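Engineer: Here you go, sequence then predicted model.
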Amino acid sequence: MELQLKELQLEIDQDSCIQCRACVQDCPYAILELAPDYPAVIPDRAEQCIECQHCLAVCPTGALSILGFEPEGSLPLKGIFPTEEQLSGLIRGRRSVRRYKATPLEPEVIDAMLATVAHAPTGVNNCQCLFSVVEDQEVMKRIREQTIAGIRAKAESESLPSGLEFFAGIVRAWDEGNDILFRGAPHLLLVSTPKQGPSPQVDPIIALSYFELLAASMKLGTLWNGLAKWAFMDIVPEMLPRLGIPEDHSLGYLMLFGQPAVQYFRTVQRAPGNVRRVVF
Ligand SMILES: Cc1cc2nc3c(=O)[nH]c(=O)nc-3n(C[C@H](O)[C@H](O)[C@H](O)COP(=O)(O)O)c2cc1C
């Protein structure tokens, strides 16, 4: 959506603006100028605004409002970032959780997590990730059962797609009481984006990566669910409309989450990443 000048609602509190040009310099699409004393939108550039609000965030005195957002509504950043040690510990110590307590999370907890994850970056700030979350345990049960029933039908008619024949084993495990596909998790989060968006492959993965780390910081478990993604995309695609994924969206990825029924006491030990210095 292209914004017209008046819709940007750029407002400058002239008593607190120190004319430092920080907003002008930080605007990624160079739509601001000092005109001549205070920041203003360059009229024919208004439609370039991607609504990133960098101007609001970078103003040292909180003199700038835009798009109806006032600086008082923002979280001050002083002292709120985790230390490098804390964040490194979180990244190293997070684990894929494959055992969950049956008790679901409070809806408010899930809402707060998703409100935070809405701050994950998206290409050109498109902010179009759709977070489809399964909260209700009856819904989760139906999803499990219908997914397995659909896979079973394909397995029994020997029409599992080539390379995915091993899903017959997942059905056998289910019959023996072993839920390999959904790991007994109480919640599922599917992130989709419009197929025509600027970065449909990447935005959901970033959002889920942030969700995973946030969950770990709250001592909640998550599991990237590649098996269910294969199932939904290639074996039981009828599940996607049932799950409410819009037809013009592509499913980026999905993640199980909930209270873990397992605790880890130390990190695993991995070789340092495969790093090389580019010589040009
Ligand atoms: C894209 C992706 C898809 C995954 N899909 C599954 C899955 O379907 N089932 C599963 O049990 N684990 C899945 N995993 C978890 C990986 O097996 C796990 O990340 C890896 O073994 C390392 O363990 P860690 O996450 O505890 O460090 C997936 C991980 C990623 C990143």
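Structural biologist: Received it, and whenever you're ready, just let me know what you need.

Engineer: From now on I want contacts and neighbour counts done on CA atoms only, so please keep to that.
Structural biologist: OK.

Engineer: Secondary structure element holding the spatially most central residue of the chain?
Structural biologist: Compute the mean C-alpha point of the chain, and by C-alpha atoms, centre = their mean the closest residue is Ala207, 1.8 Å away. Assigned by DSSP states H and E, Ala207 falls within helix 203-217.

Engineer: correct me, but Pro71 touches Ser65?
Structural biologist: Yes - between Pro71 and Ser65 there is a contact under C-alpha atoms under 8 Å: 6.3 Å.

Engineer: roughly how far apart are Ile172 and the ligand?
Structural biologist: No Ile there; residue 172 is Arg. 16 Å (C-alpha to the nearest ligand atom, to the nearest Å).

Engineer: Ok, Cys20 next?
Structural biologist: 44 Å.

Engineer: Ramachandran angles for that residue?
Structural biologist: Main-chain torsions, Cys20, degrees, to the nearest 10: phi -80, psi -10.

Engineer: Got the confidence number for it?
Structural biologist: With respect to pLDDT, Cys20 scores 97.

Engineer: residues contacting the residue nearest to Ile18 when sequence neighbours are not counted?
Structural biologist: Leaving out its chain neighbours, the residue that sits closest to Ile18 by C-alpha to C-alpha, 6 or more residues apart in numbering is Thr61, at 7.6 Å. Taking C-alpha atoms under 8 Å, 6 or more residues apart in numbering, we find Thr61 in contact with 16-18.

Engineer: again, but for Glu108
Structural biologist: Contacts of Glu108 (C-alpha under 8 Å, 6+ apart): none.

Engineer: quick one: which helix or strand includes it?
Structural biologist: Here Glu108 sits within helix 107-117, counting by DSSP H and E.

Engineer: Average pLDDT for that helix, rounded please.
Structural biologist: Per-residue pLDDT values across helix 107-117 average out to 98.

Engineer: repeat for stretch 212-227
Structural biologist: When pLDDT is averaged over stretch 212-227, the result is 98.

Engineer: swap in stretch 265-280?
Structural biologist: Averaging pLDDT along stretch 265-280 yields 96.

Engineer: Dump it to PDB, restricted to CA.
Structural biologist: C-alpha atoms of stretch 265-280 as PDB (Å, rounded to 0.1, in the frame of the first residue of the first chain):
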ATOM      1  CA  PHE A 265      21.000 -29.700  32.100                       C
ATOM      2  CA  ARG A 266      23.800 -28.800  29.800                       C
ATOM      3  CA  THR A 267      24.500 -27.700  26.200                       C
ATOM      4  CA  VAL A 268      25.400 -30.200  23.500                       C
ATOM      5  CA  GLN A 269      28.900 -29.800  22.000                       C
ATOM      6  CA  ARG A 270      29.100 -28.800  18.400                       C
ATOM      7  CA  ALA A 271      32.100 -28.100  16.200                       C
ATOM      8  CA  PRO A 272      32.400 -24.400  15.400                       C
ATOM      9  CA  GLY A 273      30.500 -23.400  12.300                       C
ATOM     10  CA  ASN A 274      32.000 -24.100   8.900                       C
ATOM     11  CA  VAL A 275      33.500 -20.700   8.400                       C
ATOM     12  CA  ARG A 276      35.800 -19.300   5.700                       C
ATOM     13  CA  ARG A 277      37.100 -15.900   5.000                       C
ATOM     14  CA  VAL A 278      36.200 -14.600   1.600                       C
ATOM     15  CA  VAL A 279      39.200 -13.600  -0.400                       C
ATOM     16  CA  PHE A 280      38.400 -11.500  -3.400                       C
END
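
Engineer: Gln53 touches Gly68, doesn't it?
Structural biologist: No - applying C-alpha under 8 Å, one finds Gln53 not in contact with Gly68, separated by 10.7 Å.

Engineer: Have a look at those two and say which one is more surrounded.
Structural biologist: Set side by side, Gln53 and Gly68 show more neighbours around Gln53, with 16 against 11, by other C-alpha atoms under 10 Å.

Engineer: What pLDDT is listed against that one?
Structural biologist: pLDDT for Gln53: 98.

Engineer: In contact with the nearest residue to Glu135 once chain neighbours are set aside, which residues are there?
Structural biologist: Counting by C-alpha to C-alpha, 6+ apart, His187 is the residue found nearest to Glu135 once chain neighbours are left out, at 5.7 Å. By C-alpha under 8 Å, 6+ apart, the contact set of His187 is 104, 133-137, 140, 256-258.
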